[in-house]
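Colleague: build me a structure from this.
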Amino acid sequence: RKSDTAMLNIETKKHDQFTLELKVGYSHGDQRFPVSDFVMNTWVFIPDSLYINQKTYTKSDFYRDTRSHIRLMTPIYSLHELVEADCQPFQLLAASWEIYRCDTSSENRKELEHQLKMLGNIVRSALRSRGRALALEKDSGRALSLLTETFQDIAFVQSRLRTLFLSENKTKSSAELPSDFRKTDAYIACTVAFYLSKVSTMMKEHHRSIREAVQNLFVSYFEPEQEYLTAQGYSVPMLREKLRNQEYLKQMSALRRFVESDLYLFVRKKNNTFLAQQILFMLAAGLSMIFATIVSFSFQQTYGNFTRPLFIALVVSYMFKDRIKDFLRYWFANKLGSKYYDYRTKLDMRGKYIGQGKEGFDFVNETRIPEEVKNLRMQGEEDPDSVPPESILLYRRRMILFGRRLSRLSRYAFPGVNEIIRINLKDFLRRMDNPHTGVPVFQKTGDFQEVQVERLYHLVFIVQFSYQGHIYYKRYRLEVNRRGLKQVREW
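Modeller: Residues are numbered from 1 along each chain as shown. Next comes the predicted model:
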């Protein structure tokens, strides 16, 4: 059985200048458990000087700044597995291609398209894993050996795909080849170039002793590859070709959307508290009406009908009735928001219900924070008394997956789902001071010299994971200033 940390995992990174990205992985795990229930609570500690609190930053502000996408985890294959003769992705693709050639129905076309997309996603995942393995390799000899194997595996995978479609279409022009094959072929070529460019930079920095051998490997692969791409009419970036490179970037984005589209789940999101909210609001109206009615009946019984005291009592009671109703609506809304989730998300794959997600947002008082979270917040601080006053934001997430249903919907073994959450931090930066400030430094000459020092603010994220009764934590510190997000540290 997988460990709990493997069942629920999080990766954080700086997506762009103003956006934090959290990639949360939910693995449905052991098939003996038909339902996997995950809970993730995130406390964000924000300095009071940024003026982010319940009055200035509402639920609608938070959900405007937060976007999430839910997609299936890519089936796990290594590059070494993709070159084996009995590799499942290639077997499924070859079978669907053979069926489509015999019967070009729309159903067979969709299956061929699905298998091509899955192969593209699997190759991308395998390339990313191999790139990480190369980055971790410290020995130059082993790194060169692994890089040589990487080029051999990539060339074999691409040749295997191209041979499947091109060998039986030699008499046809490139424009007559299946468009889905061309898109997948171009996507894999772009993905290879993207990951290998990172590998090239890393190898030059950390393995200078084998720099010439590394360069020869790259030249021997990319020269014939560039010729093939040009012959097929695929877009290829060039130095000092601004318009051409812009078109290449546009096509890359389109290819990525095409290939990765089969992993994204259809999501239906709706308010989770609408019915309860309306019932409580009706209760508030009823209670305020009871108050007004009791006052009216009491004064009518005491002073009679059409008297001045009754008139005054009716006016005052209705004034209080409206205030009582508004107060109860506000109180119920706060209680409802803290107890229930704000939104519920239904997850569908090919029209089949495979799970649901819930999310909620609130500002909380320090008294409502678990002791473990308080201790983690102060852990690592040299002087806890120097920590400035903070507002505390709580983002709650729950994900329920039906693993057996998911496994029955595809011939691939999907480990679970990934949720990519992006939080725009621009609202947090509005009241920050200048990004740099001058600090006087005394010189031996008796003068002061001013040096510019970068001013940073710290946002602390403490994430609590819960799965099958087991709880563990992670914490991150974001370094930000008025110019944006500078760095994310697992703290």
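Colleague: residue contacts, the closest residue to H207 other than its chain neighbours?
Modeller: The shortest distance from H207 to any non-neighbouring residue, by Cβ to Cβ, 6 or more residues apart in numbering, is to S140 (4.4 Å). Quick note: C-beta positions are derived from backbone N, CA and C, even for glycine. Contacts here follow Cβ atoms under 8 Å, 6 or more residues apart in numbering; on that basis S140 touches 207, 209-210.
Colleague: can you put those in TSV and add distance to R475 and secondary structure?
Modeller: Shown next, in TSV, are the contacts of S140 (distance: Cβ to Cβ, whole Å; DSSP: H, G, I helix; E, B strand; the rest coil):
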residue	distance to R475	secondary structure
H207	34	coil
S209	39	helix
I210	39	helix
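Colleague: most neighbours among those, please name it.
Modeller: With neighbours taken as other Cβ atoms under 10 Å, the top of the contacts of S140 is H207, carrying 20 neighbours.
Colleague: hmm, V214 and that one touching each other?
Modeller: Yes: here H207 reaches V214: they are 6.9 Å apart, a contact under Cβ atoms under 8 Å.
Colleague: so what sits against both of those two?
Modeller: L144.
Colleague: which strand or helix spans E381?
Modeller: Following DSSP states H and E, one finds E381 outside all helices and strands.
Colleague: pLDDT value on the nearest residue to it once chain neighbours are set aside, please?
Modeller: Using Cβ to Cβ, 6+ apart and skipping the chain neighbours, the partner closest in space to E381 is V387 (5.8 Å). In this model, V387 is scored at 82, pLDDT.
Colleague: and V387, how far is that from Y473?
Modeller: 18 Å (Cβ to Cβ, to the nearest Å).
Colleague: now swap in E382 and tell me
Modeller: 21 Å.
Colleague: which one's more surrounded, those two?
Modeller: Neighbour tally, E382 and Y473, criterion other Cβ under 10 Å: the higher count belongs to Y473, 14 against 5.
Colleague: contacting residues for the more buried one?
Modeller: Counted by Cβ under 8 Å, 6+ apart, Y473 has contacts 372-373, 376, 462-465.
Colleague: mind doing that once more with 6 Å?
Modeller: 376, 464 (Cβ atoms under 6 Å, 6 or more residues apart in numbering).
Colleague: wasn't it part of a strand?
Modeller: Yes: Y473: assigned to a strand according to DSSP: H, G, I helix; E, B strand; the rest coil.
Colleague: bridging residues for it?
Modeller: Q464 (DSSP bridges).
Colleague: for it, give its distance to M40.
Modeller: Y473 is 11 Å from M40, by Cβ to Cβ.
Colleague: likewise A155?
Modeller: 41 Å.
Colleague: which of these two has more neighbours?
Modeller: M40 (22 against 16).
Colleague: and for the closest residue in space to that one that isn't next to it in sequence, the neighbour number?
Modeller: Nearest residue to M40, sequence neighbours excluded (Cβ to Cβ, 6+ apart): R397, at 4.4 Å. Here the number of neighbours of R397 (other Cβ under 10 Å) works out to 21.
Colleague: on the three-state scheme, R397 is what?
Modeller: strand.
Colleague: I figured it hits K358, correct?
Modeller: No: between R397 and K358 there is no contact under Cβ atoms under 6 Å: 7.3 Å.
Colleague: ok, and the closest non-adjacent residue to S209?
Modeller: S209's closest residue in space is S140 (Cβ to Cβ, 6+ apart), at 5.2 Å.
Colleague: and if you look at I392?
Modeller: Here the nearest residue to I392 in space, its sequence neighbours aside, is V364; by Cβ to Cβ, 6+ apart that works out to 5.3 Å.
Colleague: how near is the one you found to F465?
Modeller: 18 Å.
Colleague: likewise R211?
Modeller: 43 Å.
Colleague: which one of those two is surrounded by more residues?
Modeller: F465 (21 against 13).
Colleague: quick one: residues contacting the residue most central in space within the chain.
Modeller: With distances taken as Cα atoms, centre = their mean, I420 lies nearest the centre of the chain, 1.2 Å away. Residues in contact with I420 (Cβ under 6 Å, 6+ apart) are 23, 69.
Colleague: circling back to that earlier point, tell me if I'm right that the residue nearest to I392 and L393 touch.
Modeller: No: counting by Cβ under 6 Å, V364 stays clear of L393, with 7.8 Å between them.
Colleague: neighbour count for these two, which is higher?
Modeller: Ranked by neighbour count (other Cβ under 10 Å), V364 and L393 place L393 first, with 21 against 14.
Colleague: hey, where'd the strands end up in the chain?
Modeller: Using DSSP state E, the strands of the chain run over residues 8-16, 19-27, 35-47, 66-72, 266-271, 343-349, 352-363, 390-402, 416-424, 436-442, 448-454, 457-467, 470-481, 484-490.
Colleague: of all these, which one is nearest L92?
Modeller: For the strands of the chain, proximity to L92 was assessed by Cβ to Cβ; strand 66-72 is nearest, at 16.0 Å.
Colleague: buried residues of the closest one, list them for me.
Modeller: 66, 68, 70-72 (16 or more other Cβ atoms under 10 Å).
Colleague: and what of stretch 48-58?
Modeller: Quick answer for stretch 48-58 (16+ other Cβ under 10 Å): 50, 52, 57.
Colleague: contact partners for the first one?
Modeller: In this case it means L50. By Cβ under 6 Å, 6+ apart, the neighbours of L50 are 428, 431.
Colleague: can you do 10 Å?
Modeller: 56-57, 388, 390-391, 427-432, 457, 459, 480 (Cβ atoms under 10 Å, 6 or more residues apart in numbering).
Colleague: give me the buried entries from the residues you listed.
Modeller: 57, 390-391, 427-429, 432, 457, 459, 480.
Colleague: from those residues, pick the one nearest L8.
Modeller: The shortest approach to L8 among the buried ones among the contacts of L50 belongs to L459, at 22.5 Å (Cβ to Cβ).
Colleague: quick one: the closest one and V480 touch, right?
Modeller: Yes: using Cβ atoms under 10 Å, L459 is in contact with V480, at 6.2 Å.
Colleague: shared neighbours, the two?
Modeller: What both L459 and V480 touch, as defined by Cβ under 10 Å, 6+ apart, is the set 20, 50, 425, 428, 488.
Colleague: give me the pLDDT value at the residue nearest to M40.
Modeller: On the pLDDT scale, R397 is placed at 92.
Colleague: that one and F38: what is the separation?
Modeller: Relative to F38, R397 is positioned 8 Å away (criterion: Cβ to Cβ).
Colleague: low-confidence stretches in the stretch 251-400 of the chain?
Modeller: Residue ranges of the stretch 251-400 of the chain with pLDDT under 70: 272-282, 284-285, 299, 306, 310, 314, 318-339.
Colleague: ok, which stretches of it are helices?
Modeller: 274-303, 308-339, 371-378 (DSSP state H, counting those that start in this stretch).
Colleague: do the same with the stretch 1-150 of the chain
Modeller: 4-7, 59-65, 79-82, 88-102, 106-136, 140-166.
Colleague: could you dump the ones you listed to CSV with mean pLDDT?
Modeller: Conversion of the helices of the stretch 1-150 of the chain to CSV gives the following (pLDDT from 0 to 100):
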stretch, mean pLDDT
helix 4-7, 57
helix 59-65, 92
helix 79-82, 93
helix 88-102, 92
helix 106-136, 93
helix 140-166, 93
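Colleague: tell me which of these sits most buried.
Modeller: Ranked by mean neighbour count, the helices of the stretch 1-150 of the chain are led by helix 106-136 with a mean of 19 (mean count of other Cβ atoms under 10 Å).
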